[in-house]
Structures are given as structure tokens and as C-alpha cells.
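Undergrad: Sequence first, then the predicted structure:
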Amino acid sequence: MRSEWLSPGWTGVRACQTTLGFNLGWRQGDVRANQAELTACLGATPVFLSQVHGTQVVRLQPSLPAEPPPEADAAVCTEPGLAVAILVADCLPVLFKAPGGVAGAHAGWRGLAAGVLENTVQALCEAAACEPREIETWLGASIGPQAFEVGAEVVQAFGREAVPRDQPAFIYQPNVASEPRWRADLYALARERLAAAGVRAVSGGGHCTLTESSRFYSFRGELLGRPAGRMAACIRLLA
């Protein structure tokens with residue numbers, strides 16, 4: 001693994017999130033070489049998904065075709081020869097480790113609100129024959145609460161009232177002329193959802209892909225002229 005990549009530091013698996021300068025999002029330039037290096041680092045074939053900000057979870061198996069990539073926003077795997085690969089550039093990647101299985105989820109606000117993490121926990125428990133309390137989770141790098149400004153529709157998607165005040169995981173932003181705005185904390189929302197699903201061990205988080213411009217790709221940063229690209233959060237089970 002490259003020293004600048006993030007990692008949960010777990011045993012029994014190989015897991016990481018790549019960083020700026022190692023683009024995996026576009027099939028041009030050095031992406032194919034980066035995919036080959038990632039495969040070598042993981043010691044397994046990374047399986048990428050066609051992510052649509054939904055809640056579908058796919059189980060990775062050797063028989064699953066690589067092309068076209070499966071349309072899903074999360075994957076579980078019990079095969080040591082395959083690795084779950086989640087592409088991100090502001091959305092939150094979440095990695096899961098269980099006895100006998102691993103998983104990864106792409107959790108932007110839409111997926112979080114709709115239940116992608118709960119679906120991933122359920123699918124991993126079924127695939128690995130485990131309980132939610134046996135699962136360890138790790139939150140990779142996403143846009144942070146200091147930078148993620150949202151409107152009423154996001155607040156309401158999480159069952160909060162869109163009233164001009166601070167709420168759990170949403171800090172109200174006064175003095176906005178057009179309409180009420182809040183700063184959303186994806187990390188807090190993910191922890192809330194994972195706890196409700198019975199997951200006790202949650203680590204990671206604390207980064208901001210938008211403000212840490214020297215370290216991460218950011219979709220919103222692209223609009224400000226920063227380099228375009230995508231990072232991958234990956235995990236594989238060791239034999």
C-alpha cells in the first residue's frame with residue numbers, strides 16, 4: 001500500500017482508501033495502470049460498481065461478470081480472491097469487516113437517508129452468518145461538516161423538521177438570504193444509522209475532501225478548478 005493512503009489498520013483483511021494523485025475514476029490516462037497497481041497492492045481483483053446513489057447491495061462472486069459493472073452502491077464478499085471497491089470524491093465510503101466476510105458501501109446523503117448502510121449490514125450478516133454486533137466499520141474520507149452546505153430537502157430526508165435551528169448532524173446557517181441552509185455531518189449521520197442497525201464498532205472519519213485539497217479528490221472541488229478524479233475505498237478478505 002502507498003504510505004499516503006488511508007487505512008483502518010485491521011487484521012485479517014487488506015483495506016485502504018486511495019488519495020489524490022491516484023485517479024481511478026475515468027478510463028483514460030493512467031487509470032488502467034493505477035488499477036493494475038491497486039490489484040497488486042490488494043493481492044486480489046478489485047470489483048468496481050456502477051454507483052447510482054441507491055441502496056442496492058450485490059454479493060461478489062467469481063462468476064459475476066466484470067463488464068458491465070453491477071449497478072449497486074454496496075457490495076459484500078466472502079471470496080479472498082476478490083476485493084470490494086467503492087469510488088468516491090465527496091460521498092462517504094464505509095468499509096465493513098465481519099468474521100468470514102467484508103463489505104463496502106457508497107454513502108452520499110441520498111443513500112444514507114434511503115438505507116444503504118442498513119442494507120449492507122443485513123447482507124453481510126446473511127453472507128457471513130454473523131450478527132451486527134460482530135461487525136467492525138470504518139468511515140473513509142468524505143466532505144466534512146464544515147463544508148457540506150445543504151437545503152431543507154436533505155434535512156427532511158433524515159426525518160428532521162426543516163426549521164431554522166441546529167439539529168442532530170445539521171448545523172443551521174443563519175444570514176443566508178435565499179432560503180434556510182444547514183451544514184450536514186455525513187460522519188454523524190452514518191454513525192447514527194450504523195448504531196440503529198446494531199453495529200457497535202465504528203472508527204474513522206474526521207477528514208474533509210473539499211477543504212483538504214492537497215490530499216483528496218473532490219467533486220465540488222472540480223467546479224473550483226481542482227483536478228478531476230475519483231478515489232477508491234477497497235477491502236478484501238485474507239485467506
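TA: Noted; the coordinates are in hand.

Undergrad: Please name the residues that touch A103.
TA: V57, A74, A75, V76, C77, V84, L95, F96, T120, A123, L124, I235 (C-beta atoms under 8 Å, 6 or more residues apart in numbering). All C-beta atoms are positioned from the backbone trio N, CA, C, and that covers glycine.

Undergrad: cutoff 10 Å now
TA: Taking C-beta atoms under 10 Å, 6 or more residues apart in numbering as the definition of contact, the neighbours of A103 are 57, 59-60, 74-78, 84, 86, 94-97, 117, 120-121, 123-125, 127-128, 135, 137, 235.

Undergrad: what's the helix or strand for the spatially most central residue of the chain?
TA: The residue at the geometric middle of the chain, judged as the C-alpha nearest the mean C-alpha position with C-alpha atoms, centre = their mean, is P93 (1.1 Å). Using DSSP states H and E, P93 sits within strand 92-98.

Undergrad: before we move on, the earlier item: mind checking which of the contacts of A103 are in helices?
TA: Counting by DSSP state H, the contacts of A103 place L117, T120, V121, A123, L124, C125, A127, A128 in helices.

Undergrad: R200: which of those is nearest?
TA: The shortest gap between R200 and any of the ones in helices among the contacts of A103 belongs to V121, at 11.5 Å (C-beta to C-beta).

Undergrad: Neighbours of that closest one, how many?
TA: By other C-beta atoms under 10 Å, the residues close to V121 number 30.

Undergrad: Next: G81.
TA: Under the neighbour criterion other C-beta under 10 Å, G81 is assigned a count of 13.

Undergrad: Was I right to think it contacts L64?
TA: No - taking C-beta atoms under 10 Å as the contact criterion, G81 and L64 are not neighbours in contact, 11.9 Å apart.

Undergrad: one step back: filter the contacts of A103 down to the buried ones, ChimeraX style.
TA: Those of the contacts of A103 that meet the burial criterion (16 or more other C-beta atoms under 10 Å) are gathered into one ChimeraX selection, given here:
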select :57,59,60,74,75,76,77,78,84,86,94,95,96,97,117,120,121,123,124,125,127,128,135,137,235
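
Undergrad: The chain: strands as residue ranges?
TA: 13-17, 45-48, 57-60, 74-77, 82-88, 92-98, 101-107, 136-139, 149-150, 170-173, 181-184, 201-204, 231-237 (DSSP state E).

Undergrad: list the buried ones in stretch 161-175?
TA: A169, F170.

Undergrad: Please consider this matter closed, and thank you.
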